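Enquirer: got a sequence here, can you model it:
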Amino acid sequence: VFLFCWNYLLIMRPTVWMLSLVLVAATTASSIYKDPSQDVLTRANDLLSQMTVEEKITQTFSPYGAPSIYGKLLDHYGQYGIGALVAHDPDSRNNIQAKFINASRLSIPVAFHHESLHGGATGAAVFPMPLTQGTSWNTSLSTLIAQRVAAATRAYGANIAFAPVINLFTDPRYGRHQEGFSPNPSLTAHYATASVLGLQGSIDGNATTYLPKDSVAALGKHFAAYGAAMGGLNAAPAVVGERQLRQIYLKPWRAFAKAGGRGAMPSHNTVLDVPCHANDWLVNKVFREEFGFGEGLTISDCNDLNALLQFGIAANTSQASAKGLIGGVDMDLQCGSTTTYGLDTIKNALADGSLTEDVLDNAARHALVNKFAAGLFETPMVPTPVANFDTPYDRQLAREAVQQGAVLTVNDGTLPLSTGANEKIVVIGPLGGDQAKSDLLGPYTSYNGSIEVVTVQAGLSNAVGGAVNYVQGADIDDDKLDGIPAAVAACQQADVVVLAVGDSISSCGEWRDRASLDLPGGQLALIQNITAACGDKKIIAVLVNGHPATFGYLNQALEGINAMLVTGRPGEEAGNGIADLIFGKVSPSGKLATSWPRTVDHVGSGSSPWLQSIRGKWIANTRGPPDVGDGRIYAPYAEDPYEATPLFEFGHGLSYTTFQYSNLVAKSSGNADTPIQVTFDVKNNGTVAATEVYQIYIQDPVGTSSNVVSYWKRLAAFGRVSIAAGSTAHVEAAIEFDDIASYDENMNFVIKSGTFTVTAGTSSRTDAAKATVTL
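Expert: Numbers count the residues shown, from 1 in each chain. Next up, the predicted model:
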């Protein structure tokens, strides 16, 4: 009878399951850990005190695989429980959850995680990638996106989101550039806070507080300095000193920890020559203790404890597991193998003294804290069927993210077009039609027909109320040119040519780092043939890109382009959002969140990355003329045909109007958290309403007691302000302590004493208004 009832419960709806668990709990001995009125840490410590060594060890396991591996996992670990699994779908997730709770002695639920970078699950909305969110300079928008991603992620069964990515991909050759918001530490730090707020529902909590409803634990990626990889190669060493590490690459992680981020994934690389997966100083001392990450959960990147053998710092898997746990890794993400680290592996480390049970307890406690905080002990199942997470609200939010994140980098007055002009439009290029749907969405999603993806062709057709012709013309992932004649013939029959070019998911993504920034495949040849044959037409480039691009020798392919809209990976509403901008329904407001070099040969020079210590003889010196914008000197290479300045500077972006800055006042606030208050006016000089992204920069005092070389200037604050045509907006902004402080010779994070120069303008190159303030 018992077996019949139990099997009945396994196949019934989750609500029945939850009731059964309550009944079972009521008939067993009372335990603190079962009491939801107790705080999270008290419950975790109580349960930990009742666990065997084997049960603690299996909480550190997170096999990464399809549901087909579940049977083997139950055979290996069923009686002990397991740390975490991938949430593939609600049904398979609920099934394995029930089986583990039934099989394990203490009925400890499984945690589930999901890749939720810019979409929560199959069938849920896919928003623009962080690259495009970053160019909106609208952190509030990203909070709204993260809220919807969190709700979908939780509904589909995961309580941990592998997001946000807050790496600073300072080398544009890096294939994962599109996963980050910006290589700028200040901008990304603010996005880190916004993402935690959206995913976790609050920035007032931490790992040991209960998660709000429909929220997930934000597991930030990848800790740390992953974006500083030598040569822009994935997992290459981060060659940085401690000051640069702290000032630049750890800044977003300080913000993440301060906001209460609950999880982190150590990165593949070494930092200060120590692998991040065995870096006790970096993970435990700096992140947990100094930054306040505390009881947060760390999950390794795929098989990276095993990589400690490849680094040569471990002789066997037992030693590698010990070093990883000591280094602050709580769970091992075992990709492709369910038994990389079995019970014996860690038990042997305990037996030979290379690992203590106290260290194991720390890791197991962090795993339990995550589960209690998520409410898995009270509600181990997720309801089915799942609600719709690609609603009209989601699609409108995705569309607004394109409108705000797309950057108008070039415009000779051709844009905006008029829907009433009766002009014949043709879309040409490999990223314009149906075959580009996966490329518009980007990595960490997959197009399977479960959602509608609006292509560039479809979006323009929607805007004009009729069919728009499309010709592919060229490929991205091969050099074939046989489609160019048809493209030329089509452009000659049109009035407007929209060139949809850029990156496929194969040309830019994880492990797709590139030695060239030029548009790949036959795209440069396509552009050159179109501009040569159709120079009398309006030619608009729509760039769907994962990183900064260049356009052939001396960027000559750009010369025949009348306007260029850079969209990043624009998501499911790509075409509609792009059409809104092309036809002037919305004035462009996006600004580049990275500096674009003129050639790949300039990567690492003064123009890329933009934020560098460029006073002194290393980069900036007296051999180059001061930039006409902000006075910075970009030293040229010998016999280099390219200008030393960026192709497009950090913060660049055009509008359908112009803005005028005036009346800048900067003063000391007397508030330690926001030491400087700034006010200024921005006038919309044009005839259309528009939104301006204002950017506030600071330059450090000169001649101070510190001998640490300062940056030319730093982004200190930013925001968006919507202004009616011909009107003026008054802006008030605060510069936060973290955006003005710097590390001194003794690695103290302090504000220099002296007079700071504060500027405001429309990009990093434009000091439209200037003031000084003494602190």
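
Enquirer: contacts and neighbour counts: CA atoms only from here.
Expert: OK.

Enquirer: pLDDT-wise, which helix or strand of this structure ranks last?
Expert: helix 2-11 (a mean of 37; mean pLDDT, DSSP states H and E).

Enquirer: which residue comes closest to Gln695 once chain neighbours are left out?
Expert: Nearest non-adjacent residue to Gln695, counting by Cα to Cα, 6 or more residues apart in numbering: Phe718, 4.6 Å away.

Enquirer: which element is the one you found on?
Expert: Phe718 belongs to strand 714-723 when assigned by DSSP states H and E.

Enquirer: give me the mean pLDDT for that strand.
Expert: Mean per-residue pLDDT for strand 714-723: 98.

Enquirer: same deal with stretch 57-67?
Expert: 94.

Enquirer: quick one: contacts for Thr139?
Expert: When contacts are counted by Cα atoms under 8 Å, 6 or more residues apart in numbering, Thr139 touches His190, Tyr191, Ala194.

Enquirer: wait, a helix at the second one?
Expert: Yes. Counting by DSSP: H, G, I helix; E, B strand; the rest coil, one finds Tyr191 located in a helix.

Enquirer: any idea how far the nearest residue to it once chain neighbours are set aside is from Ile145?
Expert: With Cα to Cα, 6+ apart as the criterion, Tyr191 has its nearest non-adjacent residue at 5.6 Å, and that residue is Thr139. Going from Thr139 to Ile145 by Cα to Cα, to the nearest Å gives 10 Å.

Enquirer: ok, Ile346 next?
Expert: From Ile346 to Ile145 the distance is 40 Å (Cα to Cα).

Enquirer: and if you look at Gly577?
Expert: With the distance defined as Cα to Cα, Gly577 ends up 16 Å from Ile145.

Enquirer: out of these two, which sits in the busier spot?
Expert: Remark: of Gly577 and Ile145, Gly577 carries more neighbours, 29 against 26, as counted by other Cα atoms under 10 Å.

Enquirer: now the helix or strand hosting Arg243: average pLDDT?
Expert: In this structure, Arg243 sits in helix 242-244 according to DSSP H and E. The average of the pLDDT scores along helix 242-244 is 96.

Enquirer: list the buried residues in that helix.
Expert: Arg243, Gln244 (16 or more other Cα atoms under 10 Å).

Enquirer: neighbours around the residue nearest to Gln695, how many?
Expert: 21.

Enquirer: OK, contacts around it?
Expert: Trp137, Val693, Tyr694, Gln695, Ile696, Ala733.

Enquirer: and if we set it to 7 Å?
Expert: Counting by Cα atoms under 7 Å, 6 or more residues apart in numbering, Phe718 touches Val693, Tyr694, Gln695, Ile696.

Enquirer: tell me where the stretch 351-500 of the chain has strands.
Expert: 407-411, 425-428, 469-471, 496-502 (DSSP state E, counting those that start in this stretch).

Enquirer: can I get those in a markdown table including mean pLDDT?
Expert: Output for these, formatted as a markdown table (pLDDT from 0 to 100):
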| stretch | mean pLDDT |
| --- | --- |
| strand 407-411 | 98 |
| strand 425-428 | 98 |
| strand 469-471 | 98 |
| strand 496-502 | 98 |
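
Enquirer: and the gap between the residue lying closest to Met564 once chain neighbours are set aside and Ile428?
Expert: Leaving aside its chain neighbours, Met564 sits nearest to Ala541 (4.6 Å; criterion: Cα to Cα, 6+ apart). Distance of Ala541 to Ile428, computed by Cα to Cα: 10 Å.

Enquirer: what sits in contact with each of these two?
Expert: By Cα under 7 Å, 6+ apart, Ala541 and Ile428 have these common neighbours: Val498, Leu499, Ala500.

Enquirer: just the buried ones among the contacts of Thr139, please.
Expert: With burial judged by 16+ other Cα under 10 Å, the buried subset of the contacts of Thr139 is His190, Tyr191, Ala194.

Enquirer: just give me the closest of those residues to Thr455.
Expert: When the buried ones among the contacts of Thr139 are compared for distance to Thr455 (Cα to Cα), Tyr191 wins out at 27.6 Å.

Enquirer: how near is the closest one to Met331?
Expert: Relative to Met331, and taking Cα to Cα, Tyr191 is found at 26 Å.

Enquirer: now do Gly483
Expert: Separation of Gly483 from Met331 (Cα to Cα): 50 Å.

Enquirer: which one of these two is surrounded by more residues?
Expert: Neighbours were counted for Gly483 and for Met331 using other Cα under 10 Å; Met331 has more, 28 against 16.

Enquirer: residues contacting the more buried one?
Expert: Counting by Cα under 7 Å, 6+ apart, Met331 touches Thr60, Phe61, Ser62, Thr298, Ile299, Ser300.

Enquirer: what's the burial count for the closest residue to Ala387 other than its chain neighbours?
Expert: Using Cα to Cα, 6+ apart and skipping residues adjacent in sequence, the residue nearest Ala387 is Ala155, 7.7 Å away. When neighbours are defined as other Cα under 10 Å, Ala155 has 24 of them.
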